[in-house]
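>>> Return atomic coordinates for the entry below.
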Amino acid sequence: MVRIIFIDDNFLYKNFPLPQRMDRASLLSIIQLEQFTSTQDLLGTCLYEDLEDKVYNQTLNASEEALFKLVKYSLSMYAAKSAISILRSETSRTKREESNADQYVLDTILSTIESKLAYINKRVVEYIKADTALHATATADGCDNDVFDETDTYNSSIYYPKEPKNKDCNAG
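Okay, the predicted model is just below:
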C-alpha cells in the first residue's frame with residue numbers, strides 16, 4: 001500500500017490546530033489512507049510512485065524536494081479534513097468529550113482548510129506543469145492507472161467527470 005509515510009502526527013499537529021484527542025495510531029492510519037488516495041489522485045500514479053521511491057531512498061533532487069514540501073502541506077490538509085470529520089461524528093466521542101465538544105471550532109477549521117487546500121493543490125499542479133522532468137514523469141506513456149490531470153484539483157468527496165459517459169440521458 002504505502003512504502004513510506006510522508007508526514008507524521010507531529011507534523012500535522014504542528015501545522016494545524018487539531019484538537020489533540022485522537023490516538024496516534026488512528027491519526028497515522030488517516031494520514032496513510034489520505035496519502036494513498038488523495039495525494040496519489042493529485043499527482044497521478046506514476047509521479048506519486050516516483051516521489052514515494054525517492055523519498056524512501058532519500059534521493060530527491062532540488063525540484064522534487066520543493067514539490068515534496070508542497071505535497072506534505074496538501075496531505076496535511078487532507079488528513080486534517082478526515083480527522084475533523086471523524087471528530088465531528090458521534091462515534092469519536094466519549095462522555096467527557098460530549099460536554100466539551102465545540103462543533104463551531106471544528107466547522108471553522110474545516111472551512112479554512114478547504115479554501116487553503118484548493119490553493120495548495122493548484123500550486124502543486126502548476127509546479128508540476130512548470131517542471132519539465134516532473135511533468136514528463138507524471139504524463140509518461142504507460143501511466144494509465146490514475147493519470148495526472150492538470151485540470152483536476154477538486155477537493156470534494158464527490159467526483160464529477162468532465163463529460164458524461166452517456167450524453168443522452170434518455171438513451172437506453
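>>> quick one: Arg24 from Ile31, how far?
Distance of Arg24 to Ile31, computed by C-beta to C-beta, to the nearest Å: 10 Å. Where you see a C-beta, it was placed from the backbone N, CA and C, and this is true even at glycine.
>>> Select the helix or strand of the protein having the lowest average pLDDT value.
Every helix and strand in the chain was compared by mean pLDDT, DSSP states H and E; the lowest is helix 95-100, with a mean of 50.
>>> just to revisit the earlier point, any shared contact partners between Arg24 and Ile31?
Shared contacts of Arg24 and Ile31, defined by C-beta atoms under 8 Å, 6 or more residues apart in numbering, comprise Asp9.
>>> Between the two, which has more neighbouring residues?
A direct count of neighbours by other C-beta atoms under 10 Å for Arg24 and Ile31 places Ile31 higher, at 26 against 10.
>>> for the more buried one, what are its contacts?
Going by C-beta under 8 Å, 6+ apart, Ile31 touches 5-9, 12, 75, 79.
>>> Which PyMOL command selects the buried ones in those?
The buried residues among these can be selected in PyMOL (16 or more other C-beta atoms under 10 Å) with this line:
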select buried, resi 5+6+7+9+12+75+79
